[in-house]
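Chemist: sequence and predicted structure below; questions after.
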Amino acid sequence: MKRMINALVYVAILAVAAPAAAGDGVAVGDVAPNFTLLDTAGAEVSLSDFERKVVVLEWLNPDCPYVKRHYKAETMKTLAATYGDKGVVWLTINSTHYMDAEANAKFKAANDLPYTILVDQPGKVGHLYGAKTTPHMYIIDAQGTLVYMGAIDDDPSGNKGESAVNYVVKALDEVVAGHAVTTAETKPYGCSVKYKK
């Protein structure tokens with residue numbers, strides 16, 4: 001019995017001490033892993049193209065009701081324009097396994113989006129970052145460090161109106177001003193990312 005308990009303790013210690021496997025995602029404070037994806041026009045876009053820039057990563061699925069609500073309200077489009085004027089780069093990634101470049105291009109055109117949508121049908125980048133929901137938001141500072149990950153705001157049901165706290169706005173304001181992000185991680189909400197099985 002004692003031997004069995006010792007074995008269980010050893011296994012538990014290994015489970016805690018073992019480093020996360022590749023694809024388990026990132027944590028706030030990590031150096032954001034580089035990636036290269038194709039945009040809707042077939043051009044290669046790498047995170048490293050935006051060295052020394054603040055970058056927002058937004059996970060997207062146009063079929064998701066949460067995404068539809070935010071795009072109807074032009075949440076992402078407005079933020080991308082507002083912070084684009086401050087030098088922030090907005091990259092939208094679609095890891096939905098059934099959405100190819102053509103489907104993403106249609107969504108981009110229908111919503112008159114000024115930013116690119118990157119196609120991640122195999123889900124490699126989604127798994128690399130640990131994206132769980134659409135939307136799922138990440139902010140990378142100019143030094144390449146992940147400084148925020150989680151929800152767009154604190155209003156999953158969409159009924160708070162102006163009293164909602166937009167976590168991305170709060171974090172971007174702090175990053176642009178050269179301050180530490182006070183709320184660096186929140187629980188994302190939305191539809192699950194429809195990864196390839």
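Modeler: Perfect, I can see it now.
Chemist: okay, now the closest residue to residue 134 other than its chain neighbours: neighbour count?
Modeler: Of all residues not flanking residue 134 in the chain, residue 61 sits nearest, at 4.0 Å (Cβ to Cβ, 6 or more residues apart in numbering). Where you see a C-beta, it was placed from the backbone N, CA and C, and this is true even at glycine. Residue 61 has 23 neighbours, counted by other Cβ atoms under 10 Å.
Chemist: same deal with residue 149?
Modeler: Residue 149: 25 surrounding residues under other Cβ under 10 Å.
Chemist: could you do residue 80 as well?
Modeler: Neighbourhood size, residue 80 [other Cβ under 10 Å]: 21.
Chemist: now it: closest residue in space, sequence neighbours ignored.
Modeler: residue 90 (3.8 Å).
Chemist: for the one you found, what are its contacts?
Modeler: Residue 90 makes contact with 55-56, 58, 76, 79-80, 83-84, 115, according to Cβ atoms under 8 Å, 6 or more residues apart in numbering.
Chemist: now, among those residues, which is nearest to residue 29?
Modeler: Using Cβ to Cβ, residue 55 comes nearest to residue 29 of the contacts of residue 90, at 16.0 Å.
Chemist: quick check: the closest one touching residue 143?
Modeler: No - using Cβ atoms under 8 Å, residue 55 is not in contact with residue 143, being 11.3 Å away.
Chemist: so those two - more neighbours on which side?
Modeler: Higher neighbour count among residue 55 and residue 143: residue 55, with 20 against 11, using other Cβ under 10 Å.
Chemist: how close does that one get to residue 137?
Modeler: 11 Å (Cβ to Cβ, to the nearest Å).
Chemist: for the residue most central in space within the chain, report the pLDDT, please.
Modeler: Central residue of the chain (Cα atoms, centre = their mean): residue 137, 3.5 Å from the mean position. We have a pLDDT of 98 for residue 137.
Chemist: with residue 197 instead?
Modeler: Listed pLDDT for residue 197 reads 88.
Chemist: how about the contacts made by it?
Modeler: Listed by Cβ under 8 Å, 6+ apart, the contact set of residue 197 reads residue 97.
Chemist: same thing with residue 79?
Modeler: Applying Cβ under 8 Å, 6+ apart to residue 79 gives the contacts 56, 90, 166, 168-169, 172.
Chemist: again, 7 Å this time
Modeler: Applying Cβ atoms under 7 Å, 6 or more residues apart in numbering to residue 79 gives the contacts 168-169.
Chemist: residue 37 - that's part of a strand, no?
Modeler: Yes - using DSSP: H, G, I helix; E, B strand; the rest coil, the assignment for residue 37 is a strand.
Chemist: give the contact list for it.
Modeler: Contacts for residue 37 (Cβ under 7 Å, 6+ apart) come out as 45, 93, 118-120, 125.
Chemist: only the buried subset of the residues you listed, as a PyMOL command please.
Modeler: To isolate the buried subset of those in PyMOL, counting by 16 or more other Cβ atoms under 10 Å, use the following:
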select buried, resi 45+93+118+119+120+125
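Chemist: and which of the contacts of residue 37 is nearest residue 31?
Modeler: Ranked by distance to residue 31 (Cβ to Cβ), the contacts of residue 37 are led by residue 125 at 15.4 Å.
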